Each structure stands twice: as C-alpha cells, then as structure tokens.
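>>> Show me the folded form of this:
(chains A and B)
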There are 2 protein chains.
Amino acid sequence: MDKIRVGLCGLGTVGTGVVKVLADHQARIRHKLGCDIEIVKVLVNDINKPRDIIINKDWLTVDAAELVSNEDIDVIVEVMGGIEGTNKLLEEALRNRKHIVTANKDLMAVYGQKLLKLAKENHCDILYDASIAGGIPIVRTLVDGLASDHIEKVMGIVNGTTNYIMTKMTDEGLDFDSVLGEAQALGFAEADPSSDVDGLDAARKMALLANLAFKMELNLDDVKVKGIRQVSQDDINFAKSLGYTIKLIGIASMHNYKAEVTVEPTLLPMDHPLALVKNEFNAVYVHGEAVGETMFYGPGAGSLPTATAVVSDLMEVVRNIRLGISGNAYIDPQFKRQLKANHEKFSRHFIRLDVDDQAGAFQEITNVFTEQKVSFAKILQLPGQIEGRAEIVMITHSISQEQLLNSLQALGQLAVVERLISHYRVDGEE
Amino acid sequence: MDKIRVGLCGLGTVGTGVVKVLADHQARIRHKLGCDIEIVKVLVNDINKPRDIIINKDWLTVDAAELVSNEDIDVIVEVMGGIEGTNKLLEEALRNRKHIVTANKDLMAVYGQKLLKLAKENHCDILYDASIAGGIPIVRTLVDGLASDHIEKVMGIVNGTTNYIMTKMTDEGLDFDSVLGEAQALGFAEADPSSDVDGLDAARKMALLANLAFKMELNLDDVKVKGIRQVSQDDINFAKSLGYTIKLIGIASMHNYKAEVTVEPTLLPMDHPLALVKNEFNAVYVHGEAVGETMFYGPGAGSLPTATAVVSDLMEVVRNIRLGISGNAYIDPQFKRQLKANHEKFSRHFIRLDVDDQAGAFQEITNVFTEQKVSFAKILQLPGQIEGRAEIVMITHSISQEQLLNSLQALGQLAVVERLISHYRVDGEE
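Next comes the predicted model:
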C-alpha cells in the first residue's frame, strides 16, 4: 500500500486548513508513515464558489452518497459540522469500511458511542481528538504517551468561553452579565451561551477524558455539573483574599476502581499550574501513579489548531491501518462502571454564610461542623452587607461529600443562619 | 511477527520499573501495537544479588557481548548508565541490527550524533526521549503531534536542579550558595553541580529540542549559555518589583530559517505559564505557526517517570519495526544549519547599573541608549548601596543583540557608570 486516499467532507476554514497542512508536509508524512496521504474527493455545497486556495476542480463533488461509497477512498475526514445528516453519512461510510476522522464535537456528543460501536464492528477507526481541545494532544497523550501508567486524576480547563469569562471577572472586576455580553460581541461566546456557561460542553469533554484515563465507560449523566452563572464578584474577592482563584474546572478522579467526575466552579491556589491559564486557553492536568504530575496547555479551538489536530488524527488512522490494528482505537473499557458514593468523595470546600451578628451565633455554627467532624483550614468573619448581619467564609479541610451535605442541611435549620450564600469545591492542594 | 524480544541492560530502579511497567500493561501494549513485547535477557553485575522484584533467573546474564549479539533479541533497552563502555556496547548492538532505547543523557550528549548515524546506516532506531525530560513526552510531541506544524519557538525549563535553586532563592529569599548546599544535601544537586548550575545540561537538551523543532542540525556549540551563579537576591527583588520572576530558561527560536538557541537566566512576566513551574519540575512551551501556544509540564526526572518514558519509546520502536520505517526516527535535518547574526537576534533586556549620583549622569546614560535607538518600557532609579552612588534598573523594548552590545560597550566608557551590575534577557511578553 503506497498511499492512503482521503475523502474530505467540508471545505470551510478547517477543511481548507487540512488541505494546506497536508500539502505542506508531504515529505514529513511519508517519512513518519512509510506511505503518502492523498486527497481524492472533496464534498462541497457549490462547486463553482470562489475559494481562498487553489484546488483541483476534479476533486470537488456535491454527491455525498457517492463519496462515502467510493471504492477509491480509504478514510473520510469530516469537517463540515451538522448532526443528523452528518451522522447518517458517517454511518454509511463505516458500513462501507471507511475510517473516519472528525472534528465535530456536537455530533460526537450525541452519536459518539453509537458511531464508535459501529466503527468497531466494521474494524474501522473513528478518531476525534480535534473535537476535544483543538491544540492540545490530550487524547493521544492519555491513550499512547501514558499508556504505561495508571492515571489517578485528570483536572482541566476544557471550555474556552467560561475561562475567558472567569478571567475577565477576576482580573477586571466585571460582573458575569457584562463579560458575557462582551464575549458574545467578540465571538468568544454564542448567542445562546448555555451549553458553555452551564458547564455542559465541559462535562461532555470530561466524560470522554475520564473514559480514556480510567478505561471505564462513563457518560454525561455520570458527571456532576454546575455552571458559572452564580459566581459573584464577592465570591471571587473572598477567594482572592484567602489566596485562591475561581475557575470552571473539570475533575475526574479514580480510587479503588471507583470514579467521580465533576464540572464546577472551583477554588485553586493561586500558585497552582492551572491558575495561570487565562482567557480562552485550555489546559489539562494529569496525575499518574508512575509519572506524577503533568500538564498540557494550549488553545482550546481555532481553525488552524483544529486542522493540525485533524491531520495528526489522520496520520494515526493511517498508522493503525498499516499496523493492522484498526478498530482498536480509544474506547476500550477495561473496568466496570463504578461511581464513588458520597461518603467516598473527598475534597476541601469553600462555604460562605450570611448569619445574624449576635452573641453565640458563631458558636452554634461551629457546633454543627464539629458534630459532622468537619474542621477548617481558614475562617474569615466580616460585617455583613445588611445591618445586624455578618458573613462567615470558611475553607474546610478535606471532607466527604456526605459530611458536606449533612453540615449544609444542619446549618439550614439554625435560626442564626439567614442564608447559605455560596459554596464551592477547593482543589489543587495536597 | 507476533512478539518483539527485548534485551534489558541494567536492573537498577529504572530497569526494575521497566520490567514492572511491561508486566502490568501486557494487554494494553498488544492492543496498541498488534504484537507482544517480551524481555528475554537482562544484563546485571551479579546474578545472585537479592532483588525487589520476582524475575525469571534464566533471563539474567553477566555476558554483555553475548547479549548484544544474541539472535533472539530485537531491541536493546539500556538503563545502566556509563559512557565509554556503554557506547562500545551499543555500537556493537547497532552493527548487529538491534534497535536501541536509552535513558542515558550523558552518553547521548557525548556520542549521540555518532550513534544516531550508525543507527541510520543499519536501518535501526535509537530512541532517547527518557533522557530529555523524564515525564514530559516532549520529543514525541515535537516529532509526531505537531508534525504538521511549523514551530517558531521552543522555550523551556529543562533542568530541575537550577529550577529548584531559583525557586528557593525567589520564594524564601535565600542566597545561591546556601540553596545549593541544601539541594546537595537533599540529593537534588550533585556534589559537582557545574553541569547543572552553569547551564550545560540545559544547553544539551535545548540543542536537541531545537534540532527536532526546526529540523536543523544544531549542536552544543551553537547554544549561547549562561548559568545562574551570578544571579543575586537584589536582581531577583528588582525583577519582582517590576513584575517579573527570574528563571533559567532555554529558548530556541527560528526566523527566516535562521536559528538562535540560548540558555540563560531570563526574566518572565509573573503571569507567564512558565512562571509557576516550581521546584524540580520541568516545562516546555512551544509556539507553532498553526497551533499557537502549547505547553507541557511534568517531572524532570525520577525512576518511575523515566521507566514510563522508556516503555513509551520501546512501543514506538516496535511500531516503527512493524511499519517498516525503522531508522527514520528523529534526526532528519531538512534545513541547512544557519544561525542568526547579532543584528537579527531580538529580545527585551533587563539592565542594572551602578552609577555616580550626580547631576547629568542620568542624561549621559540615556544619551548612549538614544544613540543606539534603544527605548525603554520601565526605568527605576534608586539610591545605591554606597554613599554617592545610585542604581538604575531598566527594561528595554525589543532590541537586537547588536544594539545591546553596542550600548553596554558605550556605557562602559562613561565616567559616571561605575559598573554594569547585571543584565538579563526578558522574554514571554508580546
């Protein structure tokens, strides 16, 4: 086999990037793979549309059905987006024994598991690194580089929009709504921002990364998700005065073959490597049994990083074809899906209370925590924003989710506690 | 070919780790490679020595010559250290068409180019990721993950000892000698620390990373090296008050196919991703044309990270054997070695002067810079430590090395300038 033939679906900015990257690196690709990669067909909407690149007109086609059944094509590269129609097309391609590379995050979120299963049945690869965190080779690293390591924890900033918003809120003191408006104007946030700001996009990615890291089949429903809409300037400032910064962090951890996956606003110490990941950048921090702490940092998206990631995936597909291991890629759960119970989930917490400023109030509150065997690393009491009230801000030592929930419930029954203003996970400390 | 047979040279902590990692991940390795990896011989000094792992006694041998000529062995994994004898052994192994994986940094520094050449002649791979930055898959990332990208700049903390020393000096206000003594007592620094603190170890690694990143054959002599012995508490504090932290940073950059590689104490803005890389950790920051900024962070060394990296290399060797591309690995210069001239090397600089505190002195000094068309981002003048003297600390805008050297020379000729106390590169800002 001296060349692998590609059918490219979509010739927008990413598709154009893929054509360019392949053309620019022919020699290097042959050197690393022992064969060539050649585009033979490109699916477009309009053959005669003027384009930014010089492209062989004979490649262009509007016939999707022909492309996915074309016997001259080995691999389909899908960079056109869309869900329902695209899914049907890729299913057909897999049935025709074509391998697939896709950068389509929305498609993979909805039909990922089905497509992966169909791919396996047909001994085909479907690779989708480019859909996770554009410029970060995190999927490949979890699968290959650390293949020889047990991973205990994956912690990451995997959504650029929310990290941009949290950065602006923290560095410029702006509130959520105005930063969101600005991000929308700049094109960093969508008109309907809920998938980002409510944490769903991050949760999808964390479910996938947890699958790979722990070799366990976890899905979106297994992820506890809390978005950033409720994070206030006061929360950010209290965190700052205690030495922390608040970010939307995804955390997947495994202990005794039981997993926990969360996406929530989390306090990190200001000198944690993730604390300096600003604006739309992404980063994933991996803690492995053998290798210790490693972190990967890069752009979360962008057409050129995505095109580069697509070509890296394509090279991996070709390598697998030549090694005869197509269909082995990625999802290969080895452990039964088991989730931690609340008494097995440990972390520190930031708790902020609105209380009556009266003698004995503090005592009543600490009694509740003492009963639950919760102790504190830091406590701050300040005058409240309302006359006769006080605010108490606490950072606990490591406690179970059960201890947390019991404490919060008991606090809610105290007359002196007017309101639980906010509480967040605290992570990144030993 | 259903298995690849390995001869392991050395059964210390790394060697033991390699045996353990291979045993623990058999299924996964087969899945990813389509074949097994099996150890068939282990070279040791003493067959009867008690060991921490259960190992098949039939594997053990003291006969090095037999091991490297053994027809049942495909790959030699060298984790025993040593230079002269080890080099001879590996040369013999390559002549016998055995592939090599080594974690031996000292050997590669001295005989690397010769061994790589001999490997290529014999269509064999010699892989040495584990010798660069134990837990960071940086070599693989430069070679594979970003294969499809033009890399413009690689910037890294690639020596754990000096980063440990700089961290302690910065965070605890200790001077160089006392931190070095402490590091030696803890085993983080060697009795003769010069290879680390004078920057040579980092320079070797940067030369290698520059080779890979720019596909250009650069060697140690092409790296401008300055160690950390001269960095004082005052320098650190002045940098801090201007918003910077000082670290020993390796920088490789390429522009118009001309390269520059340096290792020197460098000021970074405190919010640069490398600024939070503390203690013995390493990190490499890569700027690619397509992918933008990416960073990889991890432990610089340690027996388990190293064993993991060795096994990753071994998997790559096996993959290459099966792809029929052995001997293509890594060093494959595509561009003629061309170095930037001084007028093509641009960066910002920190300059600290001891001057006479007299009317007109400041004017004379700024005149020198104006003549060289050097302008400043920040200037700080303070009373000097000696009566009648002042200190001037400046951060320039981006200037050429030529402008810098001409300015420093002209300053040296001014009567009002008593001494150039220190000057450092400033990087990591746009």
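>>> where do the strands sit along the stretch 101-250 of chain A?
Here the stretch 101-250 of chain A has its strands, by DSSP state E, counting those that start in this stretch, at A:126-127, A:151-157, A:223-225, A:244-255.
>>> Of those strands, flag the one that's most buried.
For those, the largest average neighbour count (mean count of other Cβ atoms under 10 Å in any protein chain shown) is found in strand A:126-127, namely a mean of 28. Just so you know, the C-beta spots here come from the backbone N, C-alpha and C atoms, and that holds for glycine as well.
>>> will you turn the strands of the stretch 101-250 of chain A into a markdown table that also has distance to chain B?
A markdown table is the format used below for the strands of the stretch 101-250 of chain A (distance: least, Cβ to the nearest Cβ, whole Å):
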| stretch | distance to chain B |
| --- | --- |
| strand A:126-127 | 13 |
| strand A:151-157 | 11 |
| strand A:223-225 | 25 |
| strand A:244-255 | 11 |
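>>> my guess is A:Val284 contacts A:Ala133, does it?
Yes - with contacts counted by Cβ atoms under 8 Å, A:Val284 reaches A:Ala133, the gap being 6.9 Å.
>>> Give me the common contacts of those two.
A:Val158 (Cβ atoms under 8 Å, 6 or more residues apart in numbering or on different chains).
>>> returning to what we had before: so which of the strands of the stretch 101-250 of chain A gets nearest B:Val110?
With Cβ to Cβ as the measure, strand A:151-157 is the member of those nearest B:Val110 (35.8 Å).
>>> Taking their axis directions, the closest one and strand A:244-255 sit at what angle?
Our comparison of strand A:151-157 with strand A:244-255, counting by axes from the mean of the first three to the mean of the last three Cα atoms, to 10 degrees, yields an angle of 150 degrees.
>>> now what about strand A:151-157, what contacts it?
By Cβ under 8 Å, 6+ apart, strand A:151-157 touches A:138, A:142, A:163, A:205-206, A:209-210, A:213-214, A:247-255, A:274, A:277, A:281-289, A:427-428.
>>> ok so, going back, want to try CSV for the strands of the stretch 101-250 of chain A, with mean pLDDT as columns?
Below are those laid out as CSV (pLDDT from 0 to 100):
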stretch, mean pLDDT
strand A:126-127, 91
strand A:151-157, 94
strand A:223-225, 96
strand A:244-255, 97
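>>> Distance to B:Ala415 for those - can I get that in JSON lines?
Formatted as JSON lines, the strands of the stretch 101-250 of chain A follow (distance: least, Cβ to Cβ, whole Å):
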{"stretch": "strand A:126-127", "distance to B:Ala415": "68"}
{"stretch": "strand A:151-157", "distance to B:Ala415": "55"}
{"stretch": "strand A:223-225", "distance to B:Ala415": "69"}
{"stretch": "strand A:244-255", "distance to B:Ala415": "50"}
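>>> Look up the closest residue to A:Thr294, ignoring the ones flanking it.
In this structure, A:Thr294 finds its nearest non-sequential neighbour in B:Gly298, 3.7 Å apart by Cβ to Cβ, 6 or more residues apart in numbering or on different chains.
>>> Which helix or strand lies directly C-terminal to the helix or strand harbouring the one you found?
Following DSSP states H and E, one finds B:Gly298 within strand B:292-299. Later in the chain than strand B:292-299, the nearest helix or strand by DSSP H and E is helix B:303-323.
>>> any idea which helix or strand comes after that next one?
strand B:346-356.
>>> which helices and strands sit right next to that following strand?
Packing partners of strand B:346-356 (3 or more Cβ pairs under 8 Å, 6 or more residues apart in numbering or on different chains; DSSP states H and E): helix B:233-241, helix B:361-371, strand B:389-396, strand B:399-400, helix B:401-412, strand B:417-426.
>>> how big is the angle separating the first one from strand B:346-356?
Inter-element angle recorded for helix B:233-241 and strand B:346-356: 120 degrees (by the same axes, to 10 degrees).
>>> could you check whether helix B:233-241 is close to chain A?
No - in terms of Cβ under 8 Å from any Cβ of the partner chain, no part of helix B:233-241 sits within range of chain A; the closest distance is 14.5 Å.
>>> So what touches that helix?
B:169-170, B:173, B:175, B:245-246, B:267, B:350, B:352, B:380, B:393, B:421-422, B:424.
>>> ok, now which ones touch the spatially closest residue to A:Gln385 that is not a sequence neighbour?
Excluding the flanking residues, the one nearest A:Gln385 by Cβ to Cβ, 6+ apart is A:Glu391, at 7.6 Å. By Cβ under 8 Å, 6+ apart, the contact set of A:Glu391 is A:Arg352, A:Leu353, A:Asp354, A:Val355, A:Gln381, A:Leu382, A:Pro383, A:Gly384, A:Gln385, A:Ile421.
>>> ok, the residues you listed vs chain B, which is closest?
Proximity of the contacts of A:Glu391 to chain B (Cβ to the nearest Cβ) peaks at A:Arg352, which lies at 26.6 Å.
>>> contacting residues for the residue nearest to the closest one when sequence neighbours are not counted?
Nearest non-adjacent residue to A:Arg352, counting by Cβ to Cβ, 6+ apart: A:Ile421, 4.4 Å away. A:Ile421 makes contact with A:Asp234, A:Asp235, A:Arg352, A:Leu353, A:Asp354, A:Glu391, according to Cβ under 8 Å, 6+ apart.
>>> A:Ala259 reaches A:Leu339, doesn't it?
Yes - contact criterion Cβ under 8 Å: A:Ala259 and A:Leu339 qualify, at 5.9 Å.
>>> Can you find the helix or strand in chain A with the smallest mean pLDDT?
helix A:138-140 (a mean of 77; mean pLDDT, DSSP states H and E).
>>> hmm, back to that, what's the strand holding B:Gly298 in contact with?
So strand B:292-299 is contacted by A:135-136, A:273, A:281, A:283, A:285, A:291-299, A:302, A:304-305, B:133-138, B:141, B:146, B:160, B:273-274, B:277, B:280-288, B:305 (Cβ under 8 Å, 6+ apart).
>>> buried set for stretch A:355-362?
Neighbour-count burial for stretch A:355-362 flags A:Val355, A:Asp356, A:Asp357, A:Ala361, A:Phe362 (criterion: 16 or more other Cβ atoms under 10 Å in any protein chain shown).
>>> about what we covered before: so what sits against both of A:Ala259 and A:Leu339?
Common neighbours of A:Ala259 and A:Leu339 (Cβ under 8 Å, 6+ apart) are A:Asp222.
>>> Compare these two and say which is more crowded by neighbours.
Taking other Cβ atoms under 10 Å in any protein chain shown, A:Ala259 and A:Leu339 do not tie; A:Ala259 has more neighbours (21 against 14).
>>> who touches the more buried one in this structure?
Listed by Cβ under 8 Å, 6+ apart, the contact set of A:Ala259 reads A:Ala210, A:Phe214, A:Met216, A:Leu218, A:Asp222, A:Ala252, A:Ser253, A:Arg337, A:Gln338, A:Leu339, A:Lys340.
>>> between the residues you listed, which is closest to chain B?
For these, the nearest to chain B is A:Phe214 (13.0 Å; Cβ to the nearest Cβ).
>>> Tell me if I'm right that that closest one and A:Met254 touch.
Yes - contact criterion Cβ under 8 Å: A:Phe214 and A:Met254 qualify, at 4.7 Å.
>>> returning to that earlier point: which members of the contacts of strand A:151-157 are classed as buried?
For the contacts of strand A:151-157, buried by 16+ other Cβ under 10 Å: A:138, A:142, A:163, A:205-206, A:209-210, A:213-214, A:247-254, A:274, A:277, A:281-288, A:427-428.
>>> so what does the least confident helix or strand of chain A touch, helix or strand wise?
helix A:200-214.
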